[in-house]
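Visitor: build me a model:
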Amino acid sequence: MSTPAQGKEADPLVLARETVRGCDRAALAVLARPGTPEAGGPYASLVQVAFDHDASPILLISTLADHTKNLLEDPRCSLLFDATAGLAEPLTGARVSLQGTARRIDDSRLAERYLSRFPGARMYAGFTDFAFWKVEPARAHMVAGFGKIRWFDSFAFDAVSAAGLAEGEADVLAHMNADHADAIDLYARVLAGRASGTWTMTGVDPEGFDLREQARGESARIRFDRNVADPESARVELVRLVKRARAQAS
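Guide: This next block holds a predicted model:
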């Protein structure tokens with residue numbers, strides 16, 4: 001689940017993207033392929049999800065899986081991102097249904113974004129039947145509680161001007177995880193309201209950054225106060241946020 005850096009409410013599209021980015025799994029719905037008893041009908045399955053800088057979902061799936069076989073016949077799909085965990089009344093929480101088209105990719109940067117979030121996947125990512133896929137977003141439908149319902153005709157964030165951040169992201173992560181474990185724990189505890197643990201920073205994109213506590217399989221998302229485009233502007237925001245977290249913790 002995503003946590004805004006500030007208390008103010010984000011605009012609905014930003015809230016929708018942050019809801020999606022804050023999830024590490026989704027229900028993937030596809031159309032059953034010809035030649036199966038369910039041909040033409042809906043088929044849903046659970047997948048782990050990471051994201052590109054524009055919020056496009058990244059999947060690592062096997063050609064042996066039915067959802068992959070279905071996508072190879074018809075790449076249209078929908079992903080349901082559910083951020084209602086822990087709520088006594090789940091229907092008061094946020095969820096987003098994202099429609100899009102899936103395509104197989106061979107992109108080392110996107111693969112690393114996925115594997116940074118799910119390091120356990122490295123053991124099978126190189127298997128010949130596994131491949132990375134990217135879902136190109138189309139329309140999105142957000143329900144953020146009773147009566148808070150919106151359709152978005154365009155979902156993705158325009159990350160073209162943030163190419164410098166994509167190029168330098170690995171260095172930012174390496175630096176933060178090696179030298180600033182205390183700051184990362186503060187982000188998780190104070191800004192995201194999570195229990196202390198062995199948290200790592202798994203991704204930095206123009207709108208915020210992602211944390212994960214691998215032992216508990218727990219993710220957290222922190223939104224920047226302002227969008228960033230390169231490692232230096234990301235550093236400024238990270239410093240700003242750790243100062244805020246220290247002030248709130250004192």
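Visitor: please report phi then psi for residue 147.
Guide: phi 80, psi 0 (degrees, to the nearest 10).
Visitor: same question for the one 4 residues further on.
Guide: Dihedral angles of residue 151 (phi, psi; degrees, to the nearest 10) stand at phi -100, psi 140.
Visitor: who does it bridge with?
Guide: residue 141 (DSSP bridges).
Visitor: is it true that it touches residue 139?
Guide: Yes - counting by CB atoms under 8 Å, residue 151 does reach residue 139; the two are 6.4 Å apart. Bear in mind the C-beta positions are built from the backbone N, C-alpha and C, glycine included.
Visitor: looking at those two, which is more packed in?
Guide: residue 139 (14 against 9; other CB atoms under 10 Å).
Visitor: pull out the buried positions in the lengthiest helix in the chain.
Guide: The single longest helix within the chain, with elements called by DSSP state H, is helix 231-249. Residues 231, 233-235, 237-238, 241-242, 244-245 are the ones in helix 231-249 that count as buried (16 or more other CB atoms under 10 Å).
Visitor: residue 73: which of these is nearest?
Guide: Taking CB to CB as the measure, residue 234 is the one of the buried residues of helix 231-249 closest to residue 73, at 40.5 Å.
Visitor: on the three-state scheme, the nearest residue to the closest one once chain neighbours are set aside is what?
Guide: Once flanking residues are discounted, residue 234 sits nearest to residue 228: 4.5 Å by CB to CB, 6 or more residues apart in numbering. Assigned with DSSP: H, G, I helix; E, B strand; the rest coil, residue 228 falls in the coil class.
Visitor: may I have the phi/psi pair for residue 228?
Guide: Taking degrees, to the nearest 10 as the convention, residue 228 sits at phi -120, psi 160.
Visitor: surely it meets residue 162?
Guide: Yes - counting by CB under 8 Å, residue 228 does reach residue 162; the two are 7.1 Å apart.
Visitor: which residues are common contacts for these two?
Guide: residue 206 (CB atoms under 8 Å, 6 or more residues apart in numbering).
Visitor: contacting residues around the nearest residue to residue 47 once chain neighbours are set aside?
Guide: Once flanking residues are discounted, residue 47 sits nearest to residue 28: 4.7 Å by CB to CB, 6+ apart. Residue 28 sits next to 44-47, 59, 67, 77-79 when contact means CB under 8 Å, 6+ apart.
Visitor: point out where the protein drops to low pLDDT.
Guide: Low-confidence segments of the chain (pLDDT under 70): 1-10.
Visitor: so where do the strands sit in it?
Guide: Here the chain has its strands, by DSSP state E, at 2-3, 25-31, 42-48, 50-51, 57-62, 76-82, 95-105, 130-143, 149-152, 199-205, 208-213, 218-223.
Visitor: can you pull the buried residues of the longest one?
Guide: Read that as strand 130-143. So for strand 130-143, counting by 16+ other CB under 10 Å, buried means 130-135, 137-138, 140-143.
Visitor: with that, I have no additional questions.
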